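In: Have a look at this prediction, sequence included:
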Amino acid sequence: MEFEFRRELGGSPVALMSMGHEAIGRFLQDELQQPATIALVQTAVAQRLAGERTPYRLEGSEQTLLIEADEISVQDHSVHRQAEEDEFDPALAVYDAESEAVCGLEDFDHLLESWLAFIRGR
């Protein structure tokens with residue numbers, strides 16, 4: 001998973017992610033702006049890497065992060081609503097490649113470390 005961090009003209013941090021991981025970048029931008037929140041997620045990742053099997057879930061305003069035993073997933077809340085609607089008409093399924101993403105724990109751990117350093121200005 002490749003990524004790059006930048007700042008918009010107003011100073012807001014932006015996470016540019018490789019194709020297929022765009023939802024993770026939006027999660028960083030929208031939900032993980034505060035170092036304390038990033039630290040909570042890092043702790044959950046560290047626990048999974050150490051063998052803890054209890055899933056960790058962080059409900060954001062637009063997306064949900066789920067950390068499981070060997071991977072994380074990020075999914076837009078709209079994907080759940082759309083899936084319920086599509087249950088009645090599969091022909092109406094939406095393109096969701098940018099609405100959900102999955103990556104391994106080690107990659108996500110590295111991403112969080114880099115994001116935290118970027119947020120702090122290092």
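Out: That came in fine, so what should we check first?
In: alpha carbons only for contacts and neighbour counts from here, please
Out: OK.
In: Not counting residues beside it along the chain, what's closest to residue 75?
Out: Distances taken as Cα to Cα, 6 or more residues apart in numbering put residue 100 closest to residue 75, at 4.2 Å, once the chain neighbours are dropped.
In: Could you give the backbone dihedrals for that neighbour?
Out: Here is the backbone geometry of residue 100 (degrees, to the nearest 10): phi -150, psi 150.
In: after the lowest-mean-pLDDT helix or strand in the chain comes which helix or strand?
Out: One helix or strand of the chain scores below all others by mean pLDDT, DSSP states H and E: helix 77-86, with a mean of 56. Downstream of helix 77-86, the first helix or strand assigned by DSSP states H and E is strand 100-104.
In: Tell me how far the helix or strand just after that next one lies from the chain's centre.
Out: From strand 100-104 onward toward the C-terminus, using DSSP H and E, the following helix or strand is helix 105-119. Remark: helix 105-119 is offset 11 Å from the chain centroid, using Cα atoms, centre = their mean, to the nearest Å.
In: Keeping just the C-alphas, turn helix 105-119 into CSV.
Out: The C-alpha trace of helix 105-119 is given here as CSV (Å, rounded to 0.1, in the frame of the first residue of the first chain):
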residue,chain,number,x,y,z
LEU,A,105,-2.3,-4.9,10.3
GLU,A,106,1.4,-4.3,9.7
ASP,A,107,0.8,-2.0,6.8
PHE,A,108,-1.9,-0.1,8.8
ASP,A,109,0.4,0.2,11.8
HIS,A,110,3.1,1.7,9.6
LEU,A,111,0.5,4.1,8.0
LEU,A,112,-0.7,5.2,11.5
GLU,A,113,2.9,5.9,12.6
SER,A,114,3.6,8.0,9.5
TRP,A,115,0.2,9.8,9.7
LEU,A,116,0.8,10.7,13.4
ALA,A,117,4.3,12.1,12.6
PHE,A,118,2.8,14.1,9.7
ILE,A,119,0.0,15.5,11.9
